[in-house]
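Colleague: please find the sequence and the predicted model below.
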Amino acid sequence: TAPAVPGGGAARDLPGWRHVYSGKVRDLYEPVGEHPLGDVVLVVASDRISAYDFVLESEIPGKGEVLTQLSLWWFEQLADVVDNHVVSTEVSVTPGDGLVPAEVAGRAMICRRLEMFPVECVARGYLTGSGLLEYRASRTVCGVPLPDGLEDGSRLPEPIFTPATKAEVGEHDENVSFDVVVSRIGVENAARLRALTLEVYSRAAELARERGIILADTKLEFGVDPVTGEIVLGDEVLTPDSSRFWPADEWQPGRAQPSFDKQHVRDWLVSPASGWDRASGEEPPALPAEVVDATRERYEEAYARLTGTPLAR
Ligand code: ATP
Ligand code: MG
């Protein structure tokens with residue numbers, strides 16, 4: 001039986017590729033038989049959207065393409081900071097030739113298969129979300145002590161590494177201390193991931209800032225290339241799904257910040273209009289067309305502002 005796809009749909013059949021796994025947003029395929037590019041996987045970003053740990057029944061048309069194109073752009077910007085897993089985005093000429101199937105062109109990349117570290121590598125330059133909750137309880141985030149007097153949206157004295165352990169679909173990722181990461185993957189790997197994460201964050205935050213966007217925080221996933229033993233940046237990077245992007249001219253600590261992501265979705269879901277009770281544990285309802293459209297525009301605007309060019313379709 002085929003692996004389950006969150007949200008209840010089925011992964012599409014792609015010639016030359018076998019579906020092996022689906023996360024909340026991405027579908028992973030492996031080659032059928034030997035592949036000319038070596039030990040690779042096909043990473044396909046769907047149009048699925050998750051909120052409050054649910055994959056919603058509504059999709060955001062074009063979202064997968066924005067995620068993939070924005071990731072590819074960032075991988076290039078970061079090429080001198082860290083090696084990444086992308087091997088090719090070339091589109092098939094003949095079905096089954098091992099390249100990106102035409103059905104998923106624009107939203108898929110052929111990548112080196114990595115042994116992923118079981119750690120979500122988060123860097124934060126600003127305080128909000130789960131970081132803010134922990135700070136309010138203990139004046140720390142992932143065990144990193146912080147000064148008094150910070151509020152929602154405050155800039156931190158310096159960017160910090162705040163790792164989380166990966167949860168199963170439907171579960172919350174759990175923030176952990178650096179020591180927990182050390183116990184999972186060893187001190188050498190842990191130190192390397194922390195350094196790389198902070199380096200990527202600094203570079204990306206600087207680039208975003210020049211374009212009027214604050215990169216409040218971001219989540220990265222690294223793996224080891226089993227052939228070379230090298231640590232490589234995998235998954236997607238610096239998209240509105242994995243990062244908080246705030247318009248710099250509207251930044252104002254002490255409140256929730258407007259952001260280039262699924263804010264419309266979350267706001268609508270918890271508004272009376274949705275009729276959904278988050279505490280009930282029930283599936284959220286389908287999104288109205290205007291929320292879908294507003295969210296699509298937000299993702300596209302993030303792409304255009306960061307890269308300086310609207311997404312060509
Ligand atoms: P979440 O919704 O919390 O992100 P998820 O990470 O399981 O859950 P996706 O991001 O949708 O879901 O799926 C992508 C999956 O592919 C992740 O498990 C990620 O670790 C894995 N992955 C990404 N790049 C590679 C790679 N080069 N080799 C092997 N696995 C990879
Ligand atoms: Mg993921």
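Modeller: Done, it's in. Numbering: from 1, shown residues only. Ligands and ions are numbered 1, 2, ... in the order given.

Colleague: for burial, what's the neighbour tally of whichever residue of the chain sits closest to ligand 1?
Modeller: Among all residues of the chain, residue 23 sits closest to ligand 1, at 1.7 Å; criterion: CB to the nearest ligand atom. To be clear about C-beta, it is placed using only N, CA and C from the backbone, and glycine gets the same treatment. By the criterion of other CB atoms under 10 Å, residue 23 has 17 neighbours.

Colleague: so it touches residue 4, yeah?
Modeller: No. Judged on CB atoms under 8 Å, residue 23 makes no contact with residue 4 at a distance of 11.0 Å.

Colleague: near ligand 1, which residues of the stretch 201-313 of the chain?
Modeller: Those residues of the stretch 201-313 of the chain that sit near ligand 1, judged by CB under 6 Å from any ligand atom, are 221, 223, 234, 235.

Colleague: nearest residue to the residue nearest the centre of the chain other than its sequence neighbours?
Modeller: The structure's the chain has its C-alpha centroid closest to residue 242; by CA atoms, centre = their mean the separation is 2.9 Å. Excluding its sequence neighbours, the residue lying closest to residue 242 (CB to CB, 6 or more residues apart in numbering) is residue 219, at 4.7 Å.

Colleague: given the helix or strand where the one you found lies, what are its sheet partners and their directions?
Modeller: In the assignment (DSSP states H and E), residue 219 maps to strand 213-220. Note on strand 213-220: by DSSP bridges, its sheet partners are strand 119-126 (antiparallel), strand 243-247 (antiparallel).

Colleague: for these, which one sits closest to residue 149?
Modeller: Across these, residue 149 has its closest neighbour in strand 119-126 (14.5 Å, CB to CB).

Colleague: give the next helix or strand downstream of that closest one.
Modeller: Next along the chain from strand 119-126, counting by DSSP H and E, comes helix 129-138.

Colleague: residue numbers of the stretch 51-200 of the chain in contact with ligand 1?
Modeller: Residues of the stretch 51-200 of the chain found near ligand 1 (CB under 6 Å from any ligand atom) are 85, 111, 112, 113, 114, 116.

Colleague: hmm, which of these are the buried ones?
Modeller: Buried members of those, scored by 16 or more other CB atoms under 10 Å, are 85, 111, 112, 113, 114.

Colleague: number of residues surrounding the nearest residue to residue 177 once chain neighbours are set aside?
Modeller: In space, residue 177 comes closest to residue 143 once its chain neighbours are excluded; the distance is 3.5 Å by CB to CB, 6+ apart. Here the count is done by other CB under 10 Å, and residue 143 has 16 residues near it.

Colleague: does residue 143 really touch residue 179, like I thought?
Modeller: Yes. Residue 143 lies in contact with residue 179 (CB under 8 Å); the separation is 7.2 Å.

Colleague: about what we covered before: wait, which of the strands paired with strand 213-220 is closest to residue 298?
Modeller: Between the strands paired with strand 213-220, strand 243-247 lies closest to residue 298; by CB to CB that is 9.5 Å.

Colleague: so which bits of the closest one are buried?
Modeller: Quick answer for strand 243-247 (16+ other CB under 10 Å): 243, 244, 245, 246.

Colleague: and the angle for that strand with helix 129-138?
Modeller: With axes from the mean of the first three to the mean of the last three CA atoms, to 10 degrees as the basis, strand 243-247 and helix 129-138 are set at 90 degrees to each other.

Colleague: next, count neighbours for residue 277.
Modeller: 10.

Colleague: do you know how far it is from residue 109?
Modeller: Noted for residue 277: a distance of 39 Å to residue 109, by CB to CB, to the nearest Å.

Colleague: can you pull the pLDDT of the residue of the chain most remote from its centre?
Modeller: Relative to the centre of the chain, the most outlying C-alpha is that of residue 94, 31.4 Å out, by CA atoms, centre = their mean. Note for residue 94: predicted pLDDT of 93.

Colleague: what's the weakest-modelled helix or strand in this structure?
Modeller: helix 263-270 (a mean of 91; mean pLDDT, DSSP states H and E).

Colleague: and it, how far out from the chain's middle?
Modeller: Offset of helix 263-270 from its chain centre (CA atoms, centre = their mean, to the nearest Å): 19 Å.

Colleague: wait, what's in contact with the closest residue to residue 266 other than its chain neighbours?
Modeller: The shortest distance from residue 266 to any non-neighbouring residue, by CB to CB, 6+ apart, is to residue 51 (5.4 Å). The contact partners of residue 51, by CB atoms under 8 Å, 6 or more residues apart in numbering, come to 262, 265, 266, 269, 284.

Colleague: which strands and helices sit next to the longest helix anywhere in the chain?
Modeller: Secondary structure of the chain per DSSP state H: the longest helix is helix 187-210. In terms of contacts (3 or more CB pairs under 8 Å, 6 or more residues apart in numbering; DSSP states H and E), helix 187-210 is packed against helix 63-77, strand 119-126, strand 155-161, helix 178-185, strand 213-220, strand 231-233.

Colleague: where does this protein have low pLDDT?
Modeller: Under the criterion pLDDT under 70, the flagged ranges of the chain are 1, 168-171.
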